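[1] okay, sequence plus prediction incoming.
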Amino acid sequence: MTEQQQRWTAPDGRWSEPDLHLFPQDGHRYEIVDGSLHVAPPEPESHEALVRAIVTTLRTAAPPGWWVCDRLGVEIGDSNVVPDVTVLRPRSSGAIWCDPDDVALVVEVETPATRRFDRLLKPSLYAEAGIAAFWRVEPGRTSPMLRTYELGAARYRAVHSIEGAEPVKLDAPYPVRVAPAAWL
């Protein structure tokens with residue numbers, strides 16, 4: 001069997017973080033939720049362009065010491081998830097899988113393949129971990145729709161729904177102006 005034909009084998013028990021290193025860097029997103037493997041297909045270039053635009057918006061507004069990363073994994077108990085964008089507070093640990101205590105904001109850019117995961121499962125994990133702010137970007141009528149959430153009593157509550165070219169000032173994770181139409 002050639003190296004390209006070699007396949008991984010499932011663990012005898014639950015999936016864990018070391019198992020994620022067995023997978024190729026092939027564009028799929030491999031994540032573990034409560035010991036179960038979840039695989040999402042590679043994202044289209046339009047998704048990647050949107051992620052880059054959000055990262056640029058957040059980095060431009062970031063105070064000194066804050067980090068804005070795409071595809072940085074977050075370790076939450078027996079789960080290892082990878083948000084599209086992660087904002088880390090100053091003096092974060094710098095670990096390969098970051099600690100939720102270091103995370104100020106996670107952003108998910110919804111696609112048809114990740115819609116339920118981004119709307120239901122991942123926000124519940126982020127809230128359980130105590131991550132203060134969550135943004136979800138979804139298709140809008142004329143531009144992307146940004147929905148912002150803040151952590152309340154163990155769950156997120158909706159704060160803003162923003163669409164269009166008019167900049168809107170947000171206060172979390174730090175003051176930032178967003179105009180989702182500019183992300184296209």
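    Right, received. Where do you want to start?

[2] show me what contacts the most centrally placed residue in the chain?
    Nearest to the mean C-alpha position of the chain, by Cα atoms, centre = their mean, lies Pro83 at 1.7 Å. Pro83 makes contact with 71-72, 74, 106-108, 122, 126, according to Cβ atoms under 8 Å, 6 or more residues apart in numbering. All C-beta atoms are positioned from the backbone trio N, CA, C, and that covers glycine.

[3] so which of those are in strands?
    Among those, the ones falling in strands (DSSP state E) are 74, 106-108.

[4] which strand or helix spans the residue nearest to the centre of the chain?
    Pro83 is part of no helix or strand when elements are defined by DSSP states H and E.

[5] how close does it sit to Ser92?
    14 Å (Cβ to Cβ, to the nearest Å).

[6] was I right to think Ala104 contacts Ala132?
    Yes - under the criterion of Cβ atoms under 8 Å, Ala104 makes contact with Ala132 at 6.1 Å.

[7] list residues touching both of these two?
    In contact with both Ala104 and Ala132: 172-173, using Cβ under 8 Å, 6+ apart.

[8] my guess is Ile177 contacts Lys169. True?
    In this structure residue 177 is Arg, not Ile. Yes - the pair Arg177 / Lys169 is scored as a contact, 5.4 Å apart, by Cβ under 8 Å.
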